[in-house]
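Engineer: Just a sequence and a predicted model for now, questions to come.
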Amino acid sequence: MNISKLALLFLLTMSSKTLHSQSQVLHPKTGSAIYIKSSRITDENAFNRTSELFVNRFLDTLKKQFIADKYNINGDVDTSKVANTIEQLKDILPQELFRTDISEKNIDDFENDKVRSYRIDQQDKKELFRYNISDGRVYDSFNSEEIIDYFTAEKVFFLKELPTERKNIKGYDCYKVIYRFHEQYSDSEIPTPDVKNERVLWVTDKIISPFHSIVRSKQILSKYYPLEIIDKIIDVNGFETSYVIESISFK
């Protein structure tokens with residue numbers, strides 16, 4: 001058998017193995033997924049126009065909800081102090097929401113009976129969450145308290161699968177899914193305005209995991225695993241945050 005035939009046989013064998021492994025659904029026990037997080041302005045004119053409107057509406061709603069909440073509890077509230085605080089947030093909120101100098105990595109580390117979620121920011125590694133596989137509960141790593149609504153806070157109101165739009169990510173044949181949601185946390189001490197978000201996902205249905213540190217909706221996680229994520233606030237044009245998989249080593 002000549003060299004060219006050997007090379008062809010090798011390629012066919014490897015292709016067969018790849019197709020066989022991708023035909024089976026992997027439920028990760030060990031290994032990790034590492035995402036690189038970055039944010040950018042994609043359209044400066046649209047961003048400047050819509051971000052200011054969004055911040056003003058958000059803070060105005062926050063002020064009204066906070067006053068109403070405190071009034072219902074105490075029967076009285078110092079509206080001038082609330083207004084002063086809101087005014088200070090006008091500078092702080094945009095800086096936090098629309099940062100483009102982010103250099104972070106998100107890591108989901110599978111350890112047989114648990115999943116630990118980490119964030120690396122400027123070489124500082126911090127554990128954020130711990131998911132217990134046995135009972136399906138998620139805990140805040142800072143105070144060890146259970147996050148009751150971890151999987152239910154994302155209220156999905158729109159979902160569209162685009163199976164004809166595909167790309168290969170780390171050897172996985174992925175297709176596009178778009179979903180829209182707003183977040184509601186039952187244990188939040190401060191009432192927060194309703195913010196509608198949109199995520200564009202590139203997903204594989206060859207990995208199924210009950211936990212993901214970025215996408216939390218069970219409606220999503222029960223069907224597929226996101227390997228690339230683009231996050232947007234629906235009312236803010238020209239700005240997005242992306243999570244791109246750097247490496248994946250699930251077994």
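Structural biologist: Looks like it arrived, so ask away. Numbering: from 1, shown residues only.
Engineer: in the top helix by length along the chain, what's buried?
Structural biologist: Ranked by residue count under DSSP state H, the longest helix found in the chain is helix 44-74. Neighbour counts over helix 44-74 (16 or more other CB atoms under 10 Å) mark 47, 50-51, 54-55, 58-59, 62-63, 66-67, 70 as buried. Where you see a C-beta, it was placed from the backbone N, CA and C, and this is true even at glycine.
Engineer: How far off centre is it?
Structural biologist: Here the centre of helix 44-74 is set off from its chain's centre by 23 Å, with CA atoms, centre = their mean, to the nearest Å.
Engineer: so what does the helix or strand that it is followed by touch, helix or strand wise?
Structural biologist: Sequence order places helix 79-97 as the next helix or strand after helix 44-74, per DSSP states H and E. The contact analysis (3 or more CB pairs under 8 Å, 6 or more residues apart in numbering; DSSP states H and E) places helix 79-97 against helix 44-74.
Engineer: Spell out the secondary structure type for the nearest residue to residue 53 once chain neighbours are set aside.
Structural biologist: Once flanking residues are discounted, residue 53 sits nearest to residue 235: 7.5 Å by CB to CB, 6 or more residues apart in numbering. Under DSSP: H, G, I helix; E, B strand; the rest coil, the three-state class of residue 235 is coil.
Engineer: on that earlier part again, and the direction of the longest helix of the chain versus that of helix 79-97, what angle?
Structural biologist: Put simply, helix 44-74 runs at 140 degrees to helix 79-97, going by axes from the mean of the first three to the mean of the last three CA atoms, to 10 degrees.
Engineer: Show me what helix 44-74 is packed against.
Structural biologist: Helices and strands touching helix 44-74, as assessed by 3+ CB pairs under 8 Å, 6+ apart, comprise helix 79-97.
Engineer: buried sites along the helix it packs on?
Structural biologist: Neighbour-count burial for helix 79-97 [16+ other CB under 10 Å]: 82, 89, 93, 97.
Engineer: So the residue found closest to residue 104 once you drop the neighbours it is linked to in the chain, which state does it fall into?
Structural biologist: Sequence neighbours aside, residue 37 is the residue nearest to residue 104 in space, at 4.3 Å (criterion: CB to CB, 6+ apart). Following three-state DSSP, residue 37 is assigned to strand.
Engineer: From residue 103, how far out is residue 37?
Structural biologist: Taking CB to CB, to the nearest Å as the criterion, residue 37 is separated from residue 103 by 8 Å.
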